[in-house]
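[1] Provided below for reference: sequence and predicted model.
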Amino acid sequence: MDHTTYCYRALKDMLKTDHFQLWQYNDYTDETTFICGDETLAEEPTFPEYSLNRPTHRYKLKNHIQTIFFLYPQGYQMGVSTSAKTPMLNENKVYELLHILHLLILEQTVNKKNTELTTIVDSMHSITSISELDNVLESIINYALNVIPASDAGYLMLYNEEKERLITRVAVGFSKKIFQFQTRIGESITGSVFQDGKGRIFNSRKALFKRMDTLEISEHNLKMINDSAPFVEGAICVPIKIGSNPIGVIIIHQRKMKRRLTNHDLYLLEAFAGQAGIAIQNAQFHEDTTNRLNEITLLSDQLKQKNDLLRQRYDIHERLTNVSLKNRGIDVLINELEKLINQPLAFFNNLEYSFYAPTKSSAEDLLTIFEIKTLFKDNHLPTHIKVVDDVIGERHIYLQPVYTSGLFLGCLMLDNVNHMTRSERTTLEQGSTALALELVNRKTSASNHQQQLYEQFRDLMTSADSKEIIEYSSEIGLSTTSYCLVAIFEVPQSFNDIEYIDFDVYQLTAQIDRALQGEEFVIYSFYNEIIVLTSIDTKNDVKYVQEKLLSVQNTRDKHHGSKIRGGVSNAYEGIEHMKVCYEEARKALSYLTNRDQLNIIHYKDIGLNRLFVHQSTTEISTFINEVFAPLQTDSSRHKELEETLIMYINNNRSAKKTAQLLHIHINTLYQRLKNIEELLDVDLNNSEDNLEIQLACHLQSTRRLQN
């Protein structure tokens, strides 16, 4: 038997009639409910104002209907209405009825709490089954409105440590402006609840906004909350905690008063918020775990890619190294690289000023050596350039430089490439390393061999006779009866360190070798010096070979090469004159060295200066100064006399020509010459004095040209 039936029977027994009605009223919801009885008996009773300070029951008579009202906790009232003819109940029966009806209210209370508990449990089951944080937060605010059915809007805020603000994360029943509502700790209701961890209830708009003003809400936040929720008549705000640490707040609003919000609602929402905190923590753990898993997955993928790249690098390196170890040359190495990338490839060898291209590539035609060296003058990184040619059109060229210890050895050139794959880049990177090793080994091997030949030749030039020279020439493949010529080149030591000098010498050797192609010649080199021996069929070929040797410096100037100096001998018929040629070339080089000049000079062009090749610059300057000392004063008259003397000697002592060049009368010239003889204490008609003056004037003119 349910409680409603039980109450109906109890009332019927007590009142001795079935003409009665049982009503229930909830003060918080302002709802009156008919429970049981005779529906035709009377109208709905008017329940008195609820107050627990009043007696637990009271009587009321209206329109021949008497009603007993019973008051219970939590705002409940029960009313029993009968006709006025029904006998009144005595006091004992009234109290008995008070308790019987209370059973009905208790049953409803238990049912309500079971419903609330079921709602919370179901909500938590649903929320905790969601792993994404944003979805969890959205579910929490929706279920919070179910837990407190009297509410119809709400939002959830979480604390952001970086911004030091409570940030609105999700909202129901608000405009988008609510997401601009961000409060400091202690600011407004949300900041205050977060700060002290205590929930608040507001049952009027006035009380709500008064509290907001008291807690010093900013003008911006006040505007945002008003614009996003213009109507509110009640609210509950509770903290969200993990353990004892607050992480945010939940606030629910009543836009229109349905019933008063009670402490029971507050406790209910606080209990829900406690469980919500756990759900948020779990979602954050899941999010962190997912992020870390994603990071690990990403790192794993990157590691796999790097491992694949390393494997690819290793395979390419091993393949190219095997080619290099077999000493099959640069051509084979470039050919192997071209097969690996399956595209036409060219290589510029800066050591030897040469191009390699297994398959014809337009790259070597589109870029000059000057342009290539300019591109990599200060750049060690791969370069992608666009070249426009009148015939070929627009081309994209990828250049991979080859360096070792800061020295530019050359570059690989991939033609007509708009985009490079990682595999192609890796192949060219490994190829540049293999080429650097090949070129360094090649240079080292050649340098060691050249050193042995150089020392052998120097010994020959020091001690050998003509017969030994002829035998040596036959051994190295030079004609013994043709004309011979020797040139010596030098890279100044002051310009570069040893490694750069070695590089320059090797490069210079390659340039000379290319310049003399088609001639009979032998090249020796060691440290910063190169010796070239040539054999020429006729004397008419001498000038042609000399011009080729002199063109080497022009080529280096054009392609950013370092300056050099060199001496070239005269040509003599018969290889037995090689020693004479060597000495002339050495003298020509010494002439430039003593004067610190960077040039290439022919021995015959030294002229009279060959007599002073082994004289130091200091000794020559001392001699000049001793002769011209009386004329080298601050006096403009004396300087004029020095210029007159040099002009007179350089014009073979022609008074007429000298006077014309100086724009003076010939008698003035004779007067100046007389003054010069007196100051220098010489007689220009005396052969010894004249020779001394001529030498001094020649050396002075030469020194001026050098300066």
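    In hand now; what should we look at?

[2] okay, and N291 sits in which element?
    helix 263-325 (DSSP states H and E).

[3] contact partners of stretch 595-607?
    489, 492, 546, 549-550, 552-553, 563-570, 584-585, 587-588, 591-592, 610, 613, 617, 706 (Cβ atoms under 8 Å, 6 or more residues apart in numbering). Placement of C-beta: from N, CA and C, glycine included.

[4] alpha carbons only: can I get it in CSV?
    This file holds the C-alpha atoms of stretch 595-607, laid out as CSV (Å, rounded to 0.1, in the frame of the first residue of the first chain):
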residue,chain,number,x,y,z
ARG,A,595,111.1,44.9,-55.4
ASP,A,596,108.1,43.2,-53.9
GLN,A,597,106.3,43.2,-57.2
LEU,A,598,103.5,40.8,-58.2
ASN,A,599,104.0,40.3,-61.9
ILE,A,600,105.4,37.9,-64.6
ILE,A,601,108.5,39.2,-66.3
HIS,A,602,110.7,38.0,-69.1
TYR,A,603,114.5,38.0,-68.3
LYS,A,604,115.3,40.1,-71.4
ASP,A,605,112.8,42.8,-70.2
ILE,A,606,115.0,43.4,-67.1
GLY,A,607,117.6,45.0,-69.3
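
[5] which ones among the contacts of stretch 595-607 are found in helices?
    546, 549-550, 552-553, 584-585, 587-588, 591-592, 617, 706 (DSSP state H).

[6] narrow those residues to those that are buried.
    Q546, L549, L550, V552, Q553, E584, A585, K587, A588, Y591, L592 (16 or more other Cβ atoms under 10 Å).

[7] quick check: the third one vs D605, distance?
    Here the criterion is Cβ to Cβ, to the nearest Å. By it, L550 lies 11 Å from D605.

[8] same question, the first one
    Applying Cβ to Cβ, one obtains 10 Å for the distance of Q546 from D605.

[9] what about the helices in the stretch 151-300 of the chain?
    188-196, 205-214, 219-228, 263-325 (DSSP state H, counting those that start in this stretch).

[10] which elements pack onto the longest one?
    The elements that helix 263-325 packs onto, with contact taken as 3 or more Cβ pairs under 8 Å, 6 or more residues apart in numbering; DSSP states H and E, are helix 91-128, helix 133-147, strand 200-202, strand 234-242, strand 245-254, helix 330-341, helix 422-463.

[11] dump these into CSV; add mean neighbour count as well.
    Formatted as CSV, the helices and strands packed on helix 263-325 follow (neighbours: other Cβ atoms under 10 Å):
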stretch, mean neighbour count
helix 91-128, 15
helix 133-147, 20
strand 200-202, 20
strand 234-242, 24
strand 245-254, 22
helix 330-341, 19
helix 422-463, 17
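
[12] buried residues in stretch 661-678, which are they?
    Quick answer for stretch 661-678 (16+ other Cβ under 10 Å): L662, L669, R672, L673, N675, I676, E677.

[13] surely the last one and L684 touch.
    Yes: using Cβ atoms under 8 Å, E677 is in contact with L684, at 6.1 Å.

[14] I251: what's its closest spatial neighbour, skipping adjacent residues?
    The shortest distance from I251 to any non-neighbouring residue, by Cβ to Cβ, 6 or more residues apart in numbering, is to C237 (4.1 Å).
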